[in-house]
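> have a look at this prediction, sequence included:
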Amino acid sequence: MFTPYLRQAAIDYGIELSEEQLSAFNRYYQLLVEWNEKMNLTAITEPQEVAVKHMIDSLSCYDTAFFAQNAKMVDVGTGAGFPGIPLKIFRPDLQLTLVDSLNKRLTFLQCVIAELGLTDVTVVHARAEEGARKRELRDKFDVALSRAVARLNVLSELCLPFVAPGGCFIALKGAQYEEEVKEAQQAIRVLGGKLIKTQPVKLPGLDDKRAVIYIRKEKPTPGVYPRKPGTPEKKPL
Ligand code: SAM
């Protein structure tokens, strides 16, 4: 029984979910658990944990200031769809692109999109280093999002090139976020970004440290970035 947990967690977090949204989240949960038996999608499968650590955590980056009506967002290294799919269920007007380098996870996402009847969702099989060099993806998004893919200095190089100048890169981060923000200062600047805010997050029933980092892209990212696959990680800016 997933829905009651999610309903309660949303209330505790201060988010209002409609019955239609709860039902979409529930179907997403069922598919996640079902497909997780065939492929490695998540280590978290208990309903209460998925409700908080995947669904509400994904929504924790939602801030009206950064998500305009019909905004275009890209989720870089989306895996099983976090945080992109929960945000799309929450705000169906948003146009979503999901990027991941692992094709089998994208097969799962295609199934979720079809089963939930989600529209305006595009799935891209690519490494971010290559995807961000495609003309149709570079500088094209109001928001780039990412959770659990790389440290912030590396992640900035993978995400900021997708963002249109004036748009925002939003990173969902765990316990080491303060260190990561310090370590990423130079990378953010070189890539054309500016740190706007670090928002600590407290999830219902959890005491672990986490935060959402909001970075505005003020200037175009220099054409040399992102560097070739693997280099951002091997030689972080
Ligand atoms: N964002 C999801 C979440 O929070 O549950 C998935 C996190 S999972 C630990 C990391 C994902 O990032 C994997 O699906 C992996 O294939 C993808 N990934 C890692 N490096 C990537 C890159 N350079 N380009 C695209 N995807 C990448």
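Perfect, thanks for sending it.
> can you pull the pLDDT of the closest residue to Thr119 other than its chain neighbours?
Nearest non-adjacent residue to Thr119, counting by Cβ to Cβ, 6 or more residues apart in numbering: Pro92, 7.7 Å away. (Glycine included, C-beta is placed from N, CA and C.) The per-residue pLDDT reported for Pro92 equals 98.
> state the distance from Pro92 to Ile56.
18 Å (Cβ to Cβ, to the nearest Å).
> with Thr3 instead?
The value you get for Thr3 to Ile56, if Cβ to Cβ is used, is 14 Å.
> do Lys182 as well
Taken as Cβ to Cβ, the span from Lys182 to Ile56 is 27 Å.
> show me which residues of this structure sit near the ligand.
77-80, 82, 99-102, 105, 127-129, 147-149, 158 (Cβ under 6 Å from any ligand atom).
> if we can go back for a sec, who's more crowded, Lys182 and Ile56?
More crowded of Lys182 and Ile56, by other Cβ atoms under 10 Å: Ile56, with 24 against 11.
> which residues touch the spatially closest residue to Leu160 that is not a sequence neighbour?
Residue nearest to Leu160 in three dimensions, not counting chain neighbours: Leu191, with 4.3 Å by Cβ to Cβ, 6+ apart. Neighbouring residues of Leu191 by Cβ atoms under 8 Å, 6 or more residues apart in numbering: Ser156, Glu157, Leu160, Pro161, Lys217, Thr221, Pro222, Tyr225, Leu237.
> farthest pair in those residues?
Using Cβ to Cβ, the contacts of Leu191 reach their maximum pairwise distance at Lys217 and Leu237, which is 15.1 Å.
> please report how far Leu237 lies from the ligand.
15 Å (Cβ to the nearest ligand atom, to the nearest Å).
> pLDDT score for that residue?
Leu237 carries a pLDDT score of 96 in this model.
> now the nearest residue to it once chain neighbours are set aside: how far from Ala211?
Setting aside the residues directly before and after it, Leu237 is nearest to Ala187 in space (Cβ to Cβ, 6+ apart), at 3.7 Å. Separation of Ala187 from Ala211 (Cβ to Cβ): 18 Å.
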